[in-house]
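# From the sequence below, what's the structure:
(one chain, ligands or ions: 1)
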Amino acid sequence: MKLLTRRDNRASHPKSITDSTDVGVMPRRPTKVPFMAIWLGIVASIGGFMFGYVSGQISGFFAMDDYLRRFGQQNPDGTYFFSAVRQGTIVSLLCAGSLIGSLIAGDLANRLGRRLTISSSALFCCVGTVIEISSSSSWAQFAVGRLVNGVGIGSLSVVVPMYQSECAPLMIRGTLVASYQLFITLGIWTAEMVNWGTETKASTASWRIPNGLSFLWALVLGIGILFLPESPRYAYGVGRIDEARRVIARLAGTDEHHRTVTDQLTEIRVKHEAESAGADRVWHEIFTGPRMFYRTVLGMILQAGQQLTGANFFFYYGTTVFAAVGLSNSYVTQIILGSVNVGCTFAGLYVAQKCGRRKALMAGAAWMFVCFMVYAFVGHFALNHQNPQLTPAAGNVLIVFSCLFIAAFATTWGPLVWAVVAELYPARYRAPCMALATASNWFFNFLISLFTRFTTGAIDYLYGLVFAGCCAALFFIVYFFVIETKDRSLEEIDTMYVLGVNPITSAKWVSTHEVSDLDTTPVLPQREEETTRQRKSKESIV
Ligand SMILES: OC[C@H]1O[C@](O)(CO)[C@@H](O)[C@@H]1O
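Numbering: from 1, shown residues only. Next comes the predicted model:
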C-alpha cells in the first residue's frame, strides 16, 4: 500500500475538519446536533427496546399462576410445573426466529430500503404477538408466536443499528450505536416492571397485559419510522440523489448548499462507485477480501462471546434461579438486576467513548470470570438446595455476585461489542458482515436459552464454570486479536487491519502514528489483483 507523507496528504485532501479559521470559510462540519437527528435515533431505537422487552418478559411469565395453569404440565398432586423441554422451547424459539430474521435482514434492507424493512419487521412482531396473546391453552401456539415475533426482532437487530449509523451525524455516531444497547436494557427493565405490576392478578391479565404491550411498541415503531427520512446512503444507492441531499441537510441542520452537505455527498459517491464494482461477489468477498476472513470470523466470535459471557442466564432464568435461592419475591431481584443493567449501560456509553476498547473488554472479561467462579462455587458448595432459608448468607452472596456480574457486562461487553463490530468492516462489506455477526449472537443466544434449563437441572450451579471458562477465553481473544480503535475513523481502522498492525501493541501504535498520513482508499480485491498483475509484468520485463 502506498504511504503518503503528511505534506502530500495535506496537498491532495480537502481542509482538515477543524480547519475553519480562514476568513469567509464556512465551518466544514456543523457543531450542533439538530433535534431531528436525535429524534431519528430515538424512534429507531424502539427496535432495540422491543428486543429487550420481548426477551425480558418471559422469565416472569413462568412464575405466574395463570400462565402456569394454561401452558404448564400437571403434577399428580394437582400443582403445575414446566418441563425443561417445554420451558426451553418457549424461551429459545424467539432466538431461533431472530436468527432467521437477522440472516435475511441485510438483503431485505438493500431491496426495500431501511425504513420499509424496519416497518415490515415491526409488522412481523405485531403478528407474532397476536399469535401469542390469543393462545388460550396451547403452549405450542404461544411458542410459534415467539418464533414469528423473533423473525421481526432479529431483522430489527441488524437494520436498526445500520440505519442509525448511516443517518447519524459524525459526532454522535459512536454514542448512537452504543445507545442501541441502552434501549435493549430499558426494554428488559420495563418488561420486568410491568410483570411485577401484573403478576399478582390471578386472572389472565397477569401475562396478557405485559404480552399485549409488545404489540403497542411494534405499532409505534412500524408507523413512526415511516415519518422519518430514508437513509441518505440507501437513497443515493438507488439513484434518489436529490432526496439524499435533502436528508443530509436536514440531519445536519443546514441548507442543501452548505459545504458539509456537498462534502458528504462526495464521500458517499466515492464509496458508492468503489462499492458498486463487483457488487455481485460481496458474499464471497467477505471471506476473501483484504484481511476479511480474519475480520468476518472475529466479528462472529465477538458477538458469540457477548452471549457466552452468560448474561442471558440471568435475564431468561433469573426469576427461577432466585426463587431457588429462597427469595420470597424473586420479581424484585430481577428488577434489581435490570436496574443495574440499565444504570451501568449508561456508564458503558462513557466507557465506549473514553476508554480503549481493548482495555475495557479485557477488564470486563476478567471481572465476569471472577463473578461466575464465586457464583458456581458458593451455589454448589455453600447453598442448602433443599432448604435455602437455612443458608441465607450463601443466598445473599449469589445475589450480590449476580449484580456485580451484570454491572461488568453492562459497562463493557453489552454496549461495546455492538460498537466494535460496527467498526470492524469496510463499508463495502458492512451489511453482510454485520448480518452474519448478529446471526452469530442470536445463534448462541438460542443455544444458551435452550440448554440452560437442562444443564442447570443436571449439573447445578457448577454450570457457571462453563461461562467462567468462556470469559477467560474471551480475555485472550481480545488480547491477541482485537485492534485498539479508539479515536479512529472507520477508514483508518480499515487501514490498520489491512496493514496487519499487531493488536497487542496497537494501542501504542495508535498514539505514535498519524493514520491520516496513510492512504486510506478502500483496498478492493480488484486493486490487489491489479497490483499483483502489475508487479508480475514488471518482474517479467526485468
Ligand atoms: O443487556 C442484556 C441483553 O443484551 C444482549 O446481550 C444484547 O446485546 C441481549 O442478548 C441480552 O438480553
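# can you pull the buried residues of the host helix or strand of residue 187?
Element membership of residue 187 [criterion: DSSP states H and E] is helix 173-198. By neighbour count, and taking 16 or more other CB atoms under 10 Å as the criterion, the buried residues in helix 173-198 are 173-196, 198. For glycine as for every other residue, the C-beta is placed from the backbone atoms N, C-alpha and C.
# Repeat that for stretch 121-140.
Within stretch 121-140, the residues that qualify as buried are 121-122, 124-129, 131-133, 135, 139, counting by 16+ other CB under 10 Å.
# so who does the closest residue to residue 471 other than its chain neighbours touch?
Taking CB to CB, 6 or more residues apart in numbering, and ignoring the residues beside it in sequence, residue 471 has residue 369 as its nearest neighbour in space, at 4.0 Å. Taking CB atoms under 8 Å, 6 or more residues apart in numbering as the contact definition, residue 369 lies against 468, 471, 472, 475.
# Any residue of the helix or strand harbouring residue 369 touching the ligand?
When secondary structure is defined using DSSP H and E, the element that contains residue 369 is helix 357-377. No: Helix 357-377 is not in contact with the ligand by CB under 6 Å from any ligand atom; minimum separation 12.5 Å.
# Tell me the first helix or strand C-terminal of that helix.
Next along the chain after helix 357-377, with elements defined by DSSP H and E, is helix 392-411.
# buried stuff in that next one?
For helix 392-411, by 16+ other CB under 10 Å, it's 394-395, 397-399, 401-411.
# Could you report the separation of residue 374 from residue 474?
Computed with CB to CB, to the nearest Å, the distance linking residue 374 and residue 474 is 18 Å.
# out of those two, which sits in the busier spot?
residue 474 (25 against 18; other CB atoms under 10 Å).
# any weak-confidence spans in the stretch 101-250 of the chain?
The model of the stretch 101-250 of the chain has pLDDT under 70 over residues 170-171, 173-174, 201-202.
# and it, which residues reach the ligand?
Counting by CB under 6 Å from any ligand atom, the positions of the stretch 101-250 of the chain adjacent to the ligand are 181, 184, 185, 188.
# Of those residues, which pair is most distant in space?
Longest distance between any two of these is 10.7 Å, between 181 and 188; criterion CB to CB.
# Which residue ranges of this protein form strands?
For the chain, applying DSSP state E gives strands covering 73-74, 80-81.
# which residues sit against the last one?
Spelled out, it's strand 80-81. Contacts with strand 80-81, where a contact means CB under 8 Å, 6+ apart, come from 68, 69, 72, 73, 74, 75.
# Could you dump the residues you listed into TSV with distance to the ligand, neighbour count and pLDDT added?
Output for these, formatted as TSV (distance: CB to the nearest ligand atom, whole Å; neighbours: other CB atoms under 10 Å; pLDDT from 0 to 100):
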residue	distance to the ligand	neighbour count	pLDDT
68	23	18	92
69	27	14	91
72	24	18	93
73	27	12	92
74	31	11	91
75	31	9	91
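# Nearest to residue 286 among those?
Minimum separation from residue 286 among those (CB to CB) is found for residue 72, which lies at 44.3 Å.
# In space, what's closest to the closest one - neighbours in sequence excluded?
Going by CB to CB, 6+ apart, residue 72 has residue 80 as its nearest residue, at 4.1 Å.
# How about that neighbour: which residues does it bridge to?
On DSSP bridges, the residues paired with residue 80 through beta bridges are residue 74.
# Just the pLDDT for residue 528.
According to the prediction, residue 528 has pLDDT 45.
# The nearest residue to residue 468 once chain neighbours are set aside and residue 400: what is the separation?
Counting by CB to CB, 6+ apart, residue 468 lies nearest to residue 372, which is 3.8 Å off, once chain neighbours are set aside. Computed with CB to CB, the distance linking residue 372 and residue 400 is 13 Å.
# Stretch 438-446 and the ligand, any residue contact?
Yes: with CB under 6 Å from any ligand atom as the measure, stretch 438-446 is seen reaching the ligand through residue 445.
# Could you measure from the closest residue to residue 208 other than its chain neighbours over to the ligand?
Among residues not flanking residue 208 along the chain, residue 133 sits closest, at 5.7 Å (CB to CB, 6+ apart). Counting by CB to the nearest ligand atom, to the nearest Å, the gap between residue 133 and the ligand amounts to 22 Å.
# Residue 133 reaches residue 213, doesn't it?
No: counting by CB atoms under 8 Å, residue 133 does not reach residue 213; the two are 10.2 Å apart.
# The closest residue to residue 237 other than its chain neighbours - how many residues pack around it?
Leaving aside its chain neighbours, residue 237 sits nearest to residue 272 (6.1 Å; criterion: CB to CB, 6+ apart). Applying other CB under 10 Å, we find 14 residues neighbouring residue 272.
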